[in-house]
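1. please find the sequence and the predicted model below.
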Amino acid sequence: MPDTVAMRKPTGRPRPTHAARDTGPGKPAWPSDHKLSKKPHRGVAAGGRPLDAVVLPERRIPPIVVAHLGPANSGKTYAGLEALIAAGSGAYAAPLRMLANEAYVRLSERLGEANVGLITGEERINERAPVIACTVEMLSPARRGVIVLDEVHWAADPERGSAWTRVLWHSGADELYLAGAPDAEPLLAAAYGDALQVVWTERLTGPLELVGGVAIDKLEPATVVVAFSRAAVIALASRIHAVRGGAVGVLYGAMPVAARRHQVEQFNSGATEVLVSTDVLGHGVNLPCRAVLFAETTKFDGVERRDLLPWEVAQIAGRAGRFGLHEDGSVGWLTGLSWLRPDGRVIAHGLQPTAGVGPDGETPAYRRLTRAQLGPARSDLRSVPPHRWPDALEAWSRAAHVAVKEAGWLRTAPVAPIRDRLMVVGPQRLRRLSPEDAWSFALAPIDAGDYGAILGRLADALLTSHPLGDLVDARDVGAATIAEAEALSAQAAIMRWFTRRHPGAGGISAAAADALEAAASARVIELVPGTIEGPAADRCADCGRESAPWFSRCDECQAKVNAGASSGVAAGAVRSTAAPLAPPARRGAKPPPNRATRRKRAKG
């Protein structure tokens, strides 16, 4: 394969893009001045030069490439970290900030704090240290020494996979250690050929035991119960505490990192006997649990509610058992709740590998990952001015789609999230921002739908000294609810990211953002026990019977309210219905997208 791949734009008129501009929860708040061109964009750069090619960096394969592939609890990352410690130079890169923090502590204990740094989107500690623990997006592909790239199967993820793929394509490492699921072997074999050394790892704690259904009052210490929404996690924890007694903890994605760390420490120490968690458990969070029980076997994936896939079950279930602590891991499902009915067949199927990988195809796996996602880099757009990037990204996507076929193991990642953030910033701001600042907003760890207004304010702060003090104001955190504190923590994480890239902008400091996150985390830690030990969240507000926590009433009571409202008797009661009222439709508003449209948008 040639060292340099030129991505040639296919001939023909590109399809104009007309993304929805409705604002509302989960939708980007695009400025009125920012519209995609109605004319087909041919990738015109500054000076009229067409953007007809995208050039990747020169392909570089490190002298040593070793992949440790195996299931959870098989010690995949251990060999890479030991090599990094022995070399005393390089980096460990993980998908989660929490995992990077764990590695930072572990490496610091072995090498000393002066020799280890931490770099995430929100944190910078001793960043010039010879050894760095970081999130994958913060890893420079040019970094030398021993590089440990954890959870390498994430390279196939449409949203974040490009960060892994860029390292696989061009790494300055002297030694590259890859750790991940066996599913990634076909992809890595195609990427490296004979240069790849594969070490297959096996569970250190023996095979998992399928124990079937387990009632709440039969839960044993060191058990993790899994659900797939914050509401379900809180309600389950509350019910488990009421029925079983004892300390119960919770873990979910919206929880601040410090609060998550606190919950993990409580569980690890035995202070918490049962932990209720979302599937954040499946992303490398280290918990010494004896059993994993599924309270749900369906999840909403952003498009539809569906059964868990076998590899999703295996990724979560594999956390049961921990070498040196709980040698025997067990997996099952929770019983006794009317509003959650897990399907044991889904779990049993998930414990049986459905694919084979390796040279002979006999190594058990759950998927055969064959393509890594490749997204755009700033250098790909060359001299295209930032205000033209939304259109240029469409041209890049079409050109890349043609070119990646030559590599065989690459696939073009969706550009919609990047484009949406640029659309929120708007062309007038993009015209005035430097390309470097504009690209940082394009890749910002910010959801354009939920935090689009903040993104626009951050851009204004760079351009006009727009004050941002209210966004880091921690004075009211002490009165916040747990949901409000979680939202403030997410806002603080955004501000930490911003202040570390633009010190002093908006009249705020990194210390102020740190203080807000610390206060929000402390508030969540303070409120979690009371939330769990308070009134059960899975009870009907009217009759007190068991009900799904995402509704305030059971079906029978809600039917009575609806019947009264339709007869004009209880019109006022409609305002407290189970689901929150939707905002009134705007005149001329588009109907909600159907499933096919949602699927198409999700694919970018």
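-> In hand now; what should we look at?
2. got the end-to-end distance for stretch 321-341?
-> 25 Å (CA to CA, to the nearest Å).
3. now do it, average pLDDT.
-> Stretch 321-341 carries an average pLDDT of 80.
4. run the chain-centre distance for the host helix or strand of A133.
-> Assigned by DSSP states H and E, A133 belongs to strand 131-135. On the basis of CA atoms, centre = their mean, to the nearest Å, strand 131-135 sits 18 Å off its chain's mean C-alpha point.
5. adjacent strands (with direction) for that strand?
-> strand 90-94 (parallel), strand 116-119 (parallel) (DSSP bridges).
6. which residues touch the last one?
-> This means strand 116-119. 100-101, 104, 107-108, 124-129, 131-135, 138 (CB atoms under 8 Å, 6 or more residues apart in numbering). No exception for glycine: its C-beta is placed from N, CA and C like everyone else's.
7. export it to CSV, keeping only CA atoms.
-> Listed next in CSV are the C-alpha coordinates belonging to strand 116-119 (Å, rounded to 0.1, in the frame of the first residue of the first chain):
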residue,chain,number,x,y,z
VAL,A,116,3.8,11.1,35.3
GLY,A,117,1.3,13.5,33.9
LEU,A,118,-2.4,13.5,33.2
ILE,A,119,-4.0,15.1,30.1
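8. re earlier: show me which of the contacts of strand 116-119 are buried.
-> 100-101, 104, 107-108, 125-126, 129, 131-135, 138 (16 or more other CB atoms under 10 Å).
9. what's the neighbour count on G507?
-> Number of residues near G507 (other CB atoms under 10 Å) recorded here: 13.
10. confirm that W396 sits in a helix.
-> Yes - using DSSP: H, G, I helix; E, B strand; the rest coil, the secondary structure at W396 is a helix.
11. picking up where we left off before, in strands, which of the contacts of strand 116-119 fall?
-> 124-125, 131-135 (DSSP state E).
12. V65: what secondary structure?
-> Criterion first, three-state DSSP; result for V65: strand.
13. mind checking pLDDT for it?
-> The model's pLDDT for V65 equals 97.
14. contacting residues around it?
-> Contacts of V65 (CB under 8 Å, 6+ apart): 175-176, 178, 192, 195-197.
15. give me the buried subset of these.
-> Applying 16+ other CB under 10 Å to the contacts of V65 flags 175-176, 178, 192, 196 as buried.
16. which one of the residues you listed is nearest A395?
-> Y192 (30.4 Å; CB to CB).
17. by contact count, what packs against whatever helix or strand the closest one lives in?
-> In this structure, Y192 sits in helix 185-192 according to DSSP H and E. In terms of contacts (3 or more CB pairs under 8 Å, 6 or more residues apart in numbering; DSSP states H and E), helix 185-192 is packed against strand 64-69, helix 161-169, strand 196-200.
18. closest one to P386 among these?
-> Using CB to CB, these put helix 161-169 closest to P386, at 19.6 Å.
19. before we move on, back to that, tabulate the ones in strands among the contacts of strand 116-119 (TSV), appending pLDDT and distance to W169.
-> TSV is the format used below for the ones in strands among the contacts of strand 116-119 (pLDDT from 0 to 100; distance: CB to CB, whole Å):
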residue	pLDDT	distance to W169
R124	91	26
I125	94	28
V131	98	24
I132	98	20
A133	98	22
C134	97	18
T135	95	19
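20. just give me the closest of these to A222.
-> Scanning these for proximity to A222, where the rule is CB to CB, the winner is A133, at 27.5 Å.
21. check G282 and give its pLDDT.
-> For G282, pLDDT reads 69.
22. please apply the same query to T354.
-> 89.
23. can you check A596 too?
-> Per the predicted model, pLDDT is 48 at A596.
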